[in-house]
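In: structure of the sequence below:
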Amino acid sequence: CQFTARAGNGAVGVGNITVRNCRVEDVAIGAGDGYKGGSAFTVAGRLTGTILFENNTYRAGFEPSLRRLTRPDSPYGTGAFVAWMAGEQVPNGHLILRDNDFEMAPGCGDRSLVMIGGCTKVELQGRNRFVSGGQRAALDIEPVTRHRPEPEPVGALSVDPATEVRGTVYRRGERVELAELGWE
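Out: Residues are numbered from 1 along each chain as shown. The predicted structure follows:
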C-alpha cells in the first residue's frame, strides 16, 4: 500500500488519507523485485493532509515455507511502515499511527520495521506494538541510511506511553530509549 505525490506525477497531495483495519502478511517478496520490494505501508512525499494508519496488522516471516524467498545475502522480509519525502522538497503532513500491531519473526527483516521521517507532525497514539525480528531496529525516527545520509526531519513528535517496542529504537542514526522520544 503506497501513497505518493511526486512532483513528476502532478500536484501536491492535499487531502487526508486513512488506512484502517488492514491485515498484511509476507509482502514485497516477488522474484521480479529480487524478493526485496518496499515496505508494506509507504507514505512518500508531498502528502500534506492528515495521514492516519489505525488498527492495522503486519506480520512477516512466520510462515516457514516462504522464508526461502529472499536473496542469499539478506534476511527474509522488508519493513512494515515507512514515511519519507522520497527526494521531494515538500514534507508529508500530520502522520498518526494509532493502535497498529507490526511484527517481524525472529531473524527476519532487512530494514527497520518502522521508519519515519519527512513529516511536519508525528503522533504514535494508543497501543501501537512494534516488534523487530532482531537484526534491525523496531522504530527508526529520522532514519539515516546509506541512501539517505541526511535525516529527513520530523516536526513535532509525540509517543503515547502505551506504545510497545521490542527491539532497538533510533533517532537520527543514534540509538535511544523509547522514552527519550518524548511524550506530549
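In: where does Ala179 sit: helix, strand or coil?
Out: helix (DSSP: H, G, I helix; E, B strand; the rest coil).
In: so it versus Leu95, what's the distance?
Out: Counting by C-beta to C-beta, to the nearest Å, the separation of Ala179 from Leu95 is 20 Å. Any C-beta I mention is one placed from the backbone N, CA and C, and that applies to glycine too.
In: of the two, who's got more company?
Out: Between Ala179 and Leu95, counted using other C-beta atoms under 10 Å, the more crowded position is Leu95 (26 against 10).
In: can I assume the more buried one is in contact with Lys121?
Out: Yes: Leu95 lies in contact with Lys121 (C-beta atoms under 8 Å); the separation is 7.0 Å.
In: got a list of what Arg148 touches?
Out: Contact analysis of Arg148 by C-beta atoms under 8 Å, 6 or more residues apart in numbering lists 84, 117.
In: report pLDDT for it.
Out: You'll see Arg148 listed with a pLDDT of 74.
In: with the one 10 residues further on instead?
Out: The model reports Ser158 with a pLDDT of 96.
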